[in-house]
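whatever this is, show me its structure:
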Amino acid sequence: MKKTFAVVLFICAGLPLLNAQSRADHPLTLDEVLSLMRSNSPALASGRAHLQALKGNAVTASLRPNPVLSSANEDFSPGNFNYAYLSTNQEFTQNISQLIERGGKRRLRTENAEIATTVASDTYQDTQRQLELQVKMAFVGMLLAKANADLARQNLTDYKKVVDLNAIRVQAGDISQTDLDRIRLQQAQFEGDMLTAEQALAQVRVQLQSLIGQTDLSPYFDIQGSLEVPPLNLSLSDLQTAALANRPDYAAARDSVQKAKSDQQLASANGATDVTVGTEFKRNGPFNTFGLTFQVPLRVFDRNQGEKLRTTEELRASQYSEQAARLQVAADVKQAWDAYQNALTRAQLYSSNYLQMARSVRDRIQFSYQNSGTSLLDYLDAVRSYRDVQLAAHAANAQLLTAIHQLSFASATELLK
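A predicted model of the protein is given here:
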């Protein structure tokens, strides 16, 4: 029994470590991160619950008015409360009536509620689209932070080798102790770069976990992906067409016009006069009779004029809003397209020219310095320049990847599949 308890205790104590290692050994892709966000986001869960609530409005709108039962019993005499008196002198009236709606009110109410649900669904999808963009931006930010942290660690490792090599040169009398100290002082810059990069990585890791709804904010959370962007065959006109067809915010504006038209039709229908019909049974003393009732309101003053006017103007407003949304879609796609073209040009400059040039300059000056062909200041400047160009190349690739995600967002089309 004691051995069994010890084994169980050991397993339970090791579960957190195993769980942490499992997370660290399985970095998440962008698709997996987005899937977690869709299932865990409280904002999306709230939107889904709101949609389910709106479906109840459609159910309510389709219901018919309830019939009305009324009972009137009159002419009771407290001093003669007996069966003989009741059967000859009292009057009992029972009535069942039903309101009959005219003008197609129930059908229009149901259609109106269904369109309202559609508009809410469009809004929910737009909320999800915006959250997905935030996750993608944080994902790119974490990829950039990881790349910069790896670069900082590699640069520090490489520079330590340079320090060790120059320490040997001091012993051999090739350089002075002052030069070695200056080289060692430069190492502080690389150590600071590594600390800054690790801090940036930790912060963006927390940001990404919070966006996808994780509450433990594990330091072992990791992702996988590349800052390298594959060639894309894109067309501005195709993206603008796709945006008008797919963007949920524009769909909401377009469906709001249909909702306004439905409101106008419903307001007109509510101006139609409803009637109430009923059947009646009456017992008056020993006599039993049946009858019919018919009620019609005389709509002399109120014919729903105010709602008719309001819904007409609301329709005009929604049509203007739809036009504004269409223009905004075109502007968003064009701005995102321009940003993508600029980022693409910048990234290509570093990948095809500047990065290789900076590496070549550093290697030549390093060789020259090691063979006493150049000064220490020139060598340190080349080292710093190469580090700056590497960081700039990472930033350019991240900017290009971000621009593609923003273009996907503006066109409502996933460009990186």
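
quick one: the residue nearest to residue 216 when sequence neighbours are not counted from residue 185, how far?
Nearest non-adjacent residue to residue 216, counting by Cβ to Cβ, 6 or more residues apart in numbering: residue 209, 8.0 Å away. Quick note: C-beta positions are derived from backbone N, CA and C, even for glycine. According to Cβ to Cβ, to the nearest Å, residue 209 and residue 185 sit 38 Å apart.

more neighbours, these two?
Applying other Cβ atoms under 10 Å to residue 209 and residue 185 shows that residue 209 carries more neighbours, namely 20 against 10.

does the more buried one touch residue 220 like I think?
No. If you go by Cβ atoms under 8 Å, residue 209 and residue 220 don't touch, sitting 10.7 Å apart.

re earlier: for the residue nearest to residue 216, which residues are in contact?
Counting by Cβ atoms under 8 Å, 6 or more residues apart in numbering, residue 209 makes contact with 216, 217, 218, 221.

for residue 259, state which of these is nearest.
Distance to residue 259, by Cβ to Cβ, is smallest for residue 217 among the contacts of residue 209, at 41.6 Å.

residues near that closest one, how many?
Neighbours around residue 217, by other Cβ under 10 Å: 11.

and what of residue 28?
19.

go on, residue 238?
Per other Cβ under 10 Å, the neighbour tally for residue 238 reads 12.

just the one 3 residues further on next, same as before
Neighbouring residues of residue 241 were enumerated by other Cβ under 10 Å; the total is 14.

what does the one 4 residues further on give?
Applying other Cβ under 10 Å, we find 12 residues neighbouring residue 245.

quick check: the residue nearest to it when sequence neighbours are not counted vs residue 329, distance?
Closest residue to residue 245 apart from its sequence neighbours, by Cβ to Cβ, 6+ apart: residue 412 at 8.0 Å. To residue 329, residue 412 is 9 Å away according to Cβ to Cβ.

quickly list what's touching both of these two.
Common neighbours of residue 412 and residue 329 (Cβ under 8 Å, 6+ apart) are 243, 247.

tell me the secondary structure for the residue nearest to residue 58 when sequence neighbours are not counted?
Using Cβ to Cβ, 6+ apart and skipping the chain neighbours, the partner closest in space to residue 58 is residue 113 (4.0 Å). Following DSSP: H, G, I helix; E, B strand; the rest coil, residue 113 is assigned to helix.

need the contact list for residue 113.
Residues in contact with residue 113 (Cβ under 8 Å, 6+ apart) are 54, 57, 58, 60, 61, 62.

which one of these sits closest to residue 179?
Nearest to residue 179 among the contacts of residue 113, with distances taken as Cβ to Cβ, is residue 54, at 74.7 Å.

ranges for the strands of the protein?
68-74, 91-100, 275-284, 287-295 (DSSP state E).

among these, which is nearest residue 314?
Across those, residue 314 has its closest neighbour in strand 91-100 (27.6 Å, Cβ to Cβ).

which helices and strands sit right next to the closest one?
Helices and strands touching strand 91-100, by 3 or more Cβ pairs under 8 Å, 6 or more residues apart in numbering; DSSP states H and E, are strand 68-74, strand 275-284, strand 287-295.

can you tell me the strand partners of it and which way each runs?
Note on strand 91-100: by DSSP bridges, its sheet partners are strand 68-74 (antiparallel), strand 275-284 (antiparallel).

any idea which of these is most buried?
Comparing those by mean neighbour count (mean count of other Cβ atoms under 10 Å), strand 275-284 comes out on top with a mean of 15.

who's in contact with that strand?
Applying Cβ under 8 Å, 6+ apart, the set of residues contacting strand 275-284 is 68, 90-100, 102, 288-296.

repeat for stretch 30-50
The contact list for stretch 30-50 (Cβ under 8 Å, 6+ apart) reads 28, 120, 123-124, 127-128, 131-132, 135-136, 139, 208, 211-214, 223, 225.

any of those residues buried? List them.
Buried subset of those (neighbour count, 16 or more other Cβ atoms under 10 Å): 28, 120, 123-124, 127-128, 131-132, 135-136, 139, 208, 211-213, 223, 225.

just those residues: which are in helices?
Assigned to helices by DSSP state H, the following of these qualify: 120, 123, 124, 127, 128, 131, 132, 135, 136, 139, 208, 211.

who's the closest spatial neighbour of the second one, skipping the chain neighbours?
Of all residues not flanking residue 123 in the chain, residue 252 sits nearest, at 5.4 Å (Cβ to Cβ, 6+ apart).

how many neighbours does the one you found have?
Based on other Cβ under 10 Å, the number of other residues close to residue 252 is 22.

for the spatially most central residue of the chain, what are its contacts?
Closest residue to the average C-alpha location of the chain: residue 131 at 2.3 Å, with Cα atoms, centre = their mean. Counting by Cβ under 8 Å, 6+ apart, residue 131 touches 37, 41, 43, 44, 211.

ditto for residue 97
Residue 97 sits in contact with 67, 68, 70, 276, 277, 278, 279, 293, 295, where contact means Cβ under 8 Å, 6+ apart.

now do 7 Å
Under the criterion of Cβ atoms under 7 Å, 6 or more residues apart in numbering, the neighbours of residue 97 are 67, 68, 276, 277, 278, 293.

what pairs with the fourth one across the strands?
What that stands for is residue 277. Under the criterion used here (DSSP bridges), residue 277 is bridged to residue 98, residue 294.
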